[in-house]
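**Student:** Next come a sequence and a model predicted from it.
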Amino acid sequence: MNVVERFESESPLIGMVHLPPLPGSPRFAGDRTELRGRALADVSALVEADFDGLLVENFGDAPYYPDDVPKSTVAEMTAIVRELGIGVECPYGVNVLRNDADAALSVAAAGGGSFIRVNVHTGSRVTDQGILEGTAHETLRRREQLDADVSILADVAVKHSAPVGERDIAAVAEETITRGLTDGLVVSGPATGEPADAEELKTVLDRRDSVDPSVPVFVGSGVTPENVSALLDLADGVIVGTALKRGGETTAPVDPDRAKAFVGAVRDR
């Protein structure tokens, strides 16, 4: 299934559910009930604002494991995702930082999710966790083993990273589609909350169009009420988090008024 078809929109708006630190991470506050209450409140605010989808991420768990999180993280995220999914009709997905695609796929499959985001699906990137290497070969086979109807959104030149060697971003996008067999691409800025480079976005879109126009391209950072309309004139959808938070702080709870204003800016365009 084309990943956009999962959403009841031609230009899906995906709202981030940034989880607070989970049990076992350095900044866990010691209260699972409070943690889940915060996550549920964010979900409610996004659903009330009429977002087309949700993406749950263990954002509070820094410093992140590179590519193999503890079993406790998988268990906690599965429990939370399953609870969040009760009564939520819109599609929701999972991203397990920093780059544990196997965990994300397992959580999504067990928790009723319909897509995952993978920061490094193909190739290699230098990050604060060291060099991360894509495991598309394992992720695609794991999806088959789990018999999971879960789409894969793969980043191209993911934020908070640099290439191991210089490569043309158009070539990276093409190989992520044709050799990584991703279901969708994500183009982001250099860091959380920072906008994607307009020329890079256009380059990725042009190459996508020439390779497989059915693969959607999402903008994955720096999306605001002021620029979302222009971005959706180019891209197929957006993933937004920071702009929806109280005071524009990524770690803050979702502000219901900001979330509604964001959706309003799209619906009114």
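**Tutor:** Looks like it arrived, so ask away. Numbers count the residues shown, from 1 in each chain.
**Student:** What separation is there between Asp155 and Thr78?
**Tutor:** 23 Å (C-beta to C-beta, to the nearest Å). All C-beta atoms are positioned from the backbone trio N, CA, C, and that covers glycine.
**Student:** the more surrounded of these two?
**Tutor:** Taking neighbours as other C-beta atoms under 10 Å, Asp155 and Thr78 compare with Asp155 leading, 27 against 20.
**Student:** got the contact list for that one?
**Tutor:** By C-beta atoms under 8 Å, 6 or more residues apart in numbering, the contact list for Asp155 reads 117-121, 185-188, 220.
**Student:** What does it show for phi and psi?
**Tutor:** Note on Asp155: its backbone torsions stand at phi -70, psi 150 [degrees, to the nearest 10].
**Student:** and it, bridged to which residues?
**Tutor:** Val186 (DSSP bridges).
**Student:** what are the ranges of the strands in the stretch 51-200 of the chain?
**Tutor:** Here the stretch 51-200 of the chain has its strands, by DSSP state E, counting those that start in this stretch, at 53-57, 92-95, 115-118, 124-127, 130-133, 151-156, 162-163, 184-187.
**Student:** what's in contact with the fifth one?
**Tutor:** Here strand 130-133 makes contact (C-beta under 8 Å, 6+ apart) with 66-67, 98-99, 119-120, 123-125, 161, 164.
**Student:** what's the answer for the shortest one, then?
**Tutor:** Identification of contacts with strand 162-163 by C-beta under 8 Å, 6+ apart yields 123-127, 157.
**Student:** could you give the mean pLDDT of stretch 257-267?
**Tutor:** Throughout stretch 257-267, pLDDT has a mean value of 94.
**Student:** do the same with stretch 5-13
**Tutor:** Across stretch 5-13, the average pLDDT comes to 90.
**Student:** distance between the ends of that stretch?
**Tutor:** For stretch 5-13, the first-to-last residue distance is 13 Å (C-alpha to C-alpha, to the nearest Å).
**Student:** cool, stretch 120-137 as well?
**Tutor:** 12 Å.
**Student:** what do you get for stretch 20-36?
**Tutor:** So stretch 20-36: terminal residues 9 Å apart, C-alpha to C-alpha.
**Student:** buried stuff in that stretch?
**Tutor:** 20-22, 25, 28, 35-36 (16 or more other C-beta atoms under 10 Å).
**Student:** Going by neighbour count, which of the contacts of strand 162-163 are buried?
**Tutor:** 123, 125, 127, 157.
**Student:** Name the nearest of those residues relative to Pro225.
**Tutor:** Nearest to Pro225 among the buried ones among the contacts of strand 162-163 is Ala157, at 25.2 Å by C-beta to C-beta.
**Student:** quick one on the thing from earlier: tell me which two in the buried residues of stretch 20-36 are the farthest apart.
**Tutor:** Counting by C-beta to C-beta, the most remote pair of the buried residues of stretch 20-36 is Ser25 and Arg36, 15.1 Å apart.
**Student:** if we can go back for a sec, among the buried residues of stretch 20-36, which are in helices?
**Tutor:** When the buried residues of stretch 20-36 are checked against helices (DSSP state H), the matches are 35-36.
**Student:** from the buried residues of stretch 20-36, which is closest to Thr224?
**Tutor:** The nearest member of these to Thr224, counting by C-beta to C-beta, is Pro20 at 23.5 Å.
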